[in-house]
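1. The amino acid sequence is not available; the structure is as follows:
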């Protein structure tokens, strides 16, 4: 369903505390395990590294590649991006990209699945994710990548990669590694990613007069590896580069640019200079 009515407060609370939300809430409660495992400098380093590595894969892979096809890559690296993206516990790449394409089709209009304008902050931030309305992958939206059986497999078994990451964190720092390297970093990653759906449509500046409420926000760009230049993105959604000017920090683009030097990715789609120069 692509044309949801605005959820009432009682409906939002009901979905927040539904059976589906139990794993999500359990991850948040798991943060308090840090009182039992303690903290160390290595635990904090692992937490930060796991946050930013996975944020880069979500922004570069799930978003700029699978959702918008802003660059090309090999089938092997395509699978690597999908596999690593799954470690962020934001479901499979085809599910994620299909829903994001729906968002762009109806941005901040009736039919947008996570619009603050239509449904309020909390629904845009995480309520839609916990709703039973969007459990399924919209295959009509993602026909291009759905033709790859390995991506369909990963989209179904998306819990395999994060379980592998749990094992890696345990090997590195034991239970402290799981709590800080996986649980806490994942919760931070959830809300860092979700700010693009919520805060990036509420706070910041608007360079382009798009039909939606998208905004550019320097601070959100820092925590989302460049996704905070959201008004730029909505003006030119297929651009691999979302920070259009040198002072607009975009770590995801920097990573993809470096990968292009080694021919791991190629055909990076850049923003139209005529549109940038007119602002």
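-> Now that the structure is in, tell me what you want to look at. These figures come from a predicted structure and were not determined experimentally. Numbers count the residues shown, from 1 in each chain.

2. Now do the helix or strand encompassing residue 77, average pLDDT.
-> Using DSSP states H and E, residue 77 maps to helix 75-86. Regarding helix 75-86, the rounded mean pLDDT is 98.

3. all helices for the stretch 1-150 of the chain, in order.
-> 9-16, 22-30, 34-37, 41-57, 75-86, 93-105, 116-119, 121-122, 128-130, 143-146, 149-156 (DSSP state H, counting those that start in this stretch).

4. tell me which residues of the fifth one are tucked away?
-> Think helix 75-86. Within helix 75-86, the residues that count as buried by 16 or more other Cβ atoms under 10 Å are 78, 79, 81, 82, 83, 84, 85, 86. To be clear about C-beta, it is placed using only N, CA and C from the backbone, and glycine gets the same treatment.

5. Check the offset of stretch 43-57 from the chain's centre.
-> Computed by Cα atoms, centre = their mean, to the nearest Å, the chain-centroid distance of stretch 43-57 equals 14 Å.

6. whoops, I mixed them up, stretch 182-193
-> 11 Å.

7. Mind listing what's buried along that stretch?
-> 182, 183, 184, 185, 186, 187, 188, 189, 190, 192, 193.

8. Show me the shaky parts of the stretch 151-279 of the chain.
-> 273-279 (pLDDT under 70).

9. Lowest average pLDDT across the helices of the stretch 1-150 of the chain?
-> helix 9-16 (a mean of 56).

10. Just give the closest residue to residue 205, not the sequence neighbours.
-> Counting by Cβ to Cβ, 6 or more residues apart in numbering, the nearest residue to residue 205 once its immediate chain neighbours are dropped is residue 216, at 5.1 Å.

11. repeat for residue 230
-> residue 200 is the one closest to residue 230 (Cβ to Cβ, 6+ apart), at 3.9 Å.

12. Could you do residue 269 as well?
-> Nearest to residue 269 is residue 70, by Cβ to Cβ, 6+ apart, at 4.8 Å.

13. Kindly provide the distance from that neighbour to residue 175.
-> Going from residue 70 to residue 175 by Cβ to Cβ, to the nearest Å gives 39 Å.
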